[in-house]
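In: With the sequence up front, the predicted model follows.
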Amino acid sequence: MVLLLLILAQTAFAALRPEEPFWWLLSGITTAVVCVCWGAFAYERRNWDRTPHLELGNGLIAFVPSRRMRQMGNARVESPYPTGCSLEYHIETGDRYFTGDHSQFLNASLWIAEPNGMKRQLLNHVPGVRPETMATNLSAAEISFRVVKIYDGQIGKHVESGVTAHYTQASHNAPKRTALGIFIGTSNLWLGVISALLFHQVGPVVAIGVISYSVIAITTLRSKTSKRAALVQVATTIPLYAAGYALSVIAVWYLFRR
């Protein structure tokens with residue numbers, strides 16, 4: 001994101017100040033690359049402290065909250081973890097719309113399942129953790145892990161169902177969702193380039209920008225459960241979308257005019 005913003009800033013500077021030499025753009029890109037590389041190197045050692053994670057060793061397992069979580073009162077929790085144990089992520093659900101629909105999320109907890117069938121709770125509430133990420137990372141570390149959905153009915157009914165496959169498949173699709181998100185998130189940039197190459201009048205370019213953002217806004221409203229939250233998201237992204245689109249158009253027109 002820092003690299004993209006600096007490139008856009010340098011492009012806008014070159015478009016607004018055509019009398020300046022073009023090497024300002026190249027120097028800006030080089031500076032941005034150096035800043036990003038330096039930032040990645042400088043913060044790499046602090047990533048574990050900024051991320052909740054598990055530590056396993058010496059027959060113990062520990063859940064270590066992130067630095068921000070510790071500031072909010074969450075403390076490190078550890079428990080014995082003999083050989084042959086496995087971890088379970090319990091999703092506790094209840095009734096929302098009708099009895100037995102299991103659709104209301106109540107709590108998420110982390111448990112240790114011993115080889116003899118006994119289960120011990122490691123953490124009553126698991127903040128800041130995604131089961132998709134846990135399924136991927138723990139499997140890669142060869143640590144047995146299950147996601148269990150638990151439903152407690154109003155008349156003492158207790159149901160446990162394994163839903164690990166659902167979260168494992170979701171984690172496999174994460175790269176595709178990330179690529180699609182990047183494609184949509186940068187649509188103002190590549191649409192601005194395409195529209196500027198096809199048209200040299202302001203009217204058609206503005207119309208393409210309005211139509212493209214309208215399509216994104218309608219898709220967002222239809223895909224979100226909360227329409228109010230979707231409207232806020234659509235309204236707050238208008239300035240950023242318009243700025244990126246305008247900078248792309250100005251940069252292309254300036255480069256081809258030279």
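Out: Cool, the structure landed. Numbering: from 1, shown residues only.

In: OK, contacts around Thr168?
Out: Thr168 sits next to Glu132, Ala135, Thr136, Ser139 when contact means Cβ atoms under 8 Å, 6 or more residues apart in numbering. C-betas here are computed from N, CA, C, even on glycine.

In: for Asn74, same thing?
Out: By Cβ under 8 Å, 6+ apart, the neighbours of Asn74 are Pro65, Pro127.

In: Next, format the contacts of Thr168 as JSON lines and append distance to Tyr213.
Out: Converted to JSON lines, these look like this (distance: Cβ to Cβ, whole Å):
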{"residue": "Glu132", "distance to Tyr213": "30"}
{"residue": "Ala135", "distance to Tyr213": "36"}
{"residue": "Thr136", "distance to Tyr213": "34"}
{"residue": "Ser139", "distance to Tyr213": "40"}
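
In: mind listing the strands for the stretch 151-258 of the chain?
Out: Using DSSP state E, counting those that start in this stretch, the strands assigned to the stretch 151-258 of the chain run over residues 158-162.

In: low pLDDT regions in the stretch 151-258 of the chain?
Out: 154, 169-178, 223-229, 257-258 (pLDDT under 70).

In: Give me the nearest residue to Ala217, chain neighbours excluded.
Out: In this structure, Ala217 finds its nearest non-sequential neighbour in Val234, 4.6 Å apart by Cβ to Cβ, 6 or more residues apart in numbering.

In: how about Leu110, phi and psi?
Out: Torsion angles at Leu110 (phi, psi; degrees, to the nearest 10) stand at phi -120, psi 130.

In: about what we covered before: buried among the contacts of Thr168? Make that a PyMOL selection.
Out: Filtering the contacts of Thr168 down to the buried ones (16 or more other Cβ atoms under 10 Å) takes a single PyMOL command:
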select buried, resi 132+135+136
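
In: Columns secondary structure and pLDDT on top of the contacts of Thr168, output as CSV?
Out: Formatted as CSV, those follow (DSSP: H, G, I helix; E, B strand; the rest coil; pLDDT from 0 to 100):
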residue, secondary structure, pLDDT
Glu132, helix, 83
Ala135, helix, 84
Thr136, helix, 82
Ser139, helix, 82
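
In: Closest to Gly94 out of the contacts of Thr168?
Out: Glu132 (22.4 Å; Cβ to Cβ).

In: So the closest one sits against His166, correct?
Out: No - checked against Cβ atoms under 8 Å, the pair Glu132 and His166 is beyond contact range at 9.3 Å.
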